[in-house]
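Chemist: mind looking at a prediction? Sequence and model below.
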Amino acid sequence: MEFRKLEKLVNYCRPSQRRLKAILDGELSLLRGQERIQNRDGFLYSPGSHPVLLVAHLDTVHQQAPSAFYIDKTRSADGDLWCEEGIGGDDRCGVLIVMELIKELDCHVLFTEDEEAGGQGAIKFSRSGIRPDVKFIVEFDRQGCDDAVFYNCDNPDFTAFVEEYGFIESTGTFSDISYIAPALGIAAVNLSSGYYHAHTRQEFIRVADVESIIERAARLVANVETRYEYIERDDYDWHWEQELRIAERLYSRRNGDLQCPWCEELIDGVVSDYCPFCYSELTALCDLCGDGEILSDCIVFDDGVYCRNCLERPAHTSRRFRF
């Protein structure tokens with residue numbers, strides 16, 4: 001990644017949500033003109049002439065601002081970016097990707113607030129009356145390098161279209177498009193944006209993955225030959241059977257180079273650190289964030305199973321738990 005882009009990523013990771021919204025308002029105004037910017041309570045929106053809506057959220061789960069940034073090149077030639085307080089790649093990577101894409105394509109842009117508190121900004125946008133005329137919606141708020149999550153949108157043609165660009169269907173429970181896609185009636189996907197270990201202080205950003213996602217997403221977003229409608233999934237229950245089906249599909253389509261610590265089979269390391277069979281046997285899905293966690297790392301309450309990461313998130317614990 002060129003230094004300019006890396007510096008921009010670091011600068012997006014530093015500020016609070018409120019400050020970042022003001023920064024992006026200024027950058028979009030310089031790029032597009034102030035008359036094309038709608039800075040509203042809960043979101044920042046800018047219409048475009050290219051019929052695709054790009055989405056990312058402005059908040060992170062981390063309470064402390066980063067004090068110093070580090071590059072670790074032990075696992076990746078281009079390095080992994082991290083900081084001691086938690087870097088906030090979820091979703092500052094998504095912000096960077098959107099801002100890079102609109103340099104070449106005049107897409108509609110939506111930056112939401114408080115996604116980590118239940119998608120509050122997405123709800124406000126969905127109720128705002130803004131209805132962009134777009135062919136499809138792309139959000140960048142997923143860990144990893146090539147995941148594509150469609151949530152309750154079940155349009156097989158759109159899934160096939162997205163997968164043509166090196167992304168692979170995966171599972172998830174919620175992001176902003178869970179509200180936005182049905183509200184607009186347009187198919188939507190949440191793509192990986194290059195961060196790993198989200199919602200922990202061990203979170204890092206793999207620089208090379210961010211670059212790869214920008215390149216593939218640019219080609220995907222440029223292809224607007226078809227309008228894809230939002231089709232509601234009949235029964236949106238991802239738990240064990242569908243989780244294992246997707247995991248097996250991922251496992252069969254890639255060359256594994258990691259070893260499952262339980263059965264010692266080779267795995268690709270994308271779905272989890274375990275092979276598909278062990279993953280289904282040893283993990284439980286957190287009822288709040290939907291991520292698979294090793295059972296020993298989960299906490300079981302009367303109303304569900306929750307991972308420790310979600311229990312440590314103030315915005316969520318205040319809503320769901322009392323101690």
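Modeler: Thanks, I have the structure now. Just so you know, these numbers come straight off a predicted model, no measurement behind them.

Chemist: and stretch 161-175, which residues are buried?
Modeler: 161-162, 165-175 (16 or more other C-beta atoms under 10 Å). (Glycine included, C-beta is placed from N, CA and C.)

Chemist: now, which of these sits nearest Q38?
Modeler: S175 (21.4 Å; C-beta to C-beta).

Chemist: helix or strand: which one has the closest residue in space to P47 that isn't next to it in sequence?
Modeler: Excluding the flanking residues, the one nearest P47 by C-beta to C-beta, 6 or more residues apart in numbering is H108, at 5.4 Å. Taking DSSP states H and E as the definition, H108 sits inside strand 107-112.

Chemist: give me the residues contacting that strand.
Modeler: 21, 24, 28, 42-48, 50-58, 95, 98, 101-102, 119, 121-122, 125, 132, 134, 176, 180, 221 (C-beta atoms under 8 Å, 6 or more residues apart in numbering).

Chemist: in strands, which of these fall?
Modeler: If you go by DSSP state E, the contacts of strand 107-112 have F43, L44, Y45, S46, H50, P51, V52, L53, L54, V55, A56, H57 in strands.

Chemist: which one of the residues you listed is nearest to E115?
Modeler: H57 (3.6 Å).

Chemist: so what's the residue count around the closest one?
Modeler: Residues near H57, counting by other C-beta atoms under 10 Å, number 28.

Chemist: stretch 3-18 - what's its average pLDDT?
Modeler: What stretch 3-18 shows for mean pLDDT is 93.

Chemist: now do stretch 97-111
Modeler: pLDDT averaged over stretch 97-111 gives 98.

Chemist: same check on stretch 223-240?
Modeler: 79.

Chemist: mind checking the SS state of the spatially most central residue of the chain?
Modeler: Nearest to the mean C-alpha position of the chain, counting by C-alpha atoms, centre = their mean, stands D141 at 1.4 Å. Here D141 is recorded as strand under DSSP: H, G, I helix; E, B strand; the rest coil.

Chemist: isn't it up against R92?
Modeler: No - checked against C-beta atoms under 8 Å, the pair D141 and R92 is beyond contact range at 10.5 Å.

Chemist: okay, domains of the protein per the record?
Modeler: If you go by automatic domain parsing, the domain ranges for the chain are 3-222, 240-320.

Chemist: now distance to I231 too, for those, in JSON lines please.
Modeler: JSON lines is the format used below for these (distance: least, C-beta to C-beta, whole Å):
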{"stretch": "domain 3-222", "distance to I231": "5"}
{"stretch": "domain 240-320", "distance to I231": "17"}
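
Chemist: could you look over these and pick the most buried one?
Modeler: Among the domains of the chain, domain 3-222 has the highest mean neighbour count (mean count of other C-beta atoms under 10 Å), at a mean of 20.

Chemist: beta partners for the residue nearest to V55 when sequence neighbours are not counted?
Modeler: Spatial nearest neighbour of V55, chain neighbours left out: E139 (4.0 Å); criterion: C-beta to C-beta, 6+ apart. Beta bridges link E139 to V55, N190 when assigned by DSSP bridges.

Chemist: tell me the pLDDT at E139?
Modeler: Per the predicted model, pLDDT is 98 at E139.

Chemist: would you check that it makes contact with S178?
Modeler: No - counting by C-beta under 8 Å, E139 does not reach S178; the two are 9.6 Å apart.

Chemist: before we move on, the earlier item: may I have the strands that pair with the strand holding H108, each with its orientation?
Modeler: For strand 107-112, pairing defined by DSSP bridges yields strand 43-46 (antiparallel), strand 50-57 (parallel).

Chemist: right, and these - which one's nearest P156?
Modeler: Nearest of those to P156, taken as C-beta to C-beta: strand 50-57 at 19.7 Å.

Chemist: tell me the helix or strand right after that closest one.
Modeler: Trace forward from strand 50-57 with DSSP H and E and the next one is strand 70-72.

Chemist: counting by contacts, list what that next one packs against.
Modeler: strand 80-82 (3 or more C-beta pairs under 8 Å, 6 or more residues apart in numbering; DSSP states H and E).

Chemist: run through who's touching the strand it packs on.
Modeler: So strand 80-82 is contacted by 6, 9-10, 69-73, 87, 89, 196, 202-207 (C-beta under 8 Å, 6+ apart).

Chemist: rerun at 10 Å
Modeler: With C-beta atoms under 10 Å, 6 or more residues apart in numbering as the test, strand 80-82 has contacts from 1, 6, 9-10, 13, 66, 69-74, 87, 89, 93, 194-197, 201-210.

Chemist: which helices and strands does the helix or strand containing Y12 pack with?
Modeler: Here Y12 sits within helix 3-13, counting by DSSP H and E. Helix 3-13 is packed against helix 17-32, strand 80-82, helix 89-101, strand 204-206, helix 207-222, with contacts defined by 3 or more C-beta pairs under 10 Å, 6 or more residues apart in numbering; DSSP states H and E.

Chemist: what's the closest of those to D147?
Modeler: Evaluated over the helices and strands packed on helix 3-13, closeness to D147 peaks at helix 207-222, with 10.2 Å, by C-beta to C-beta.
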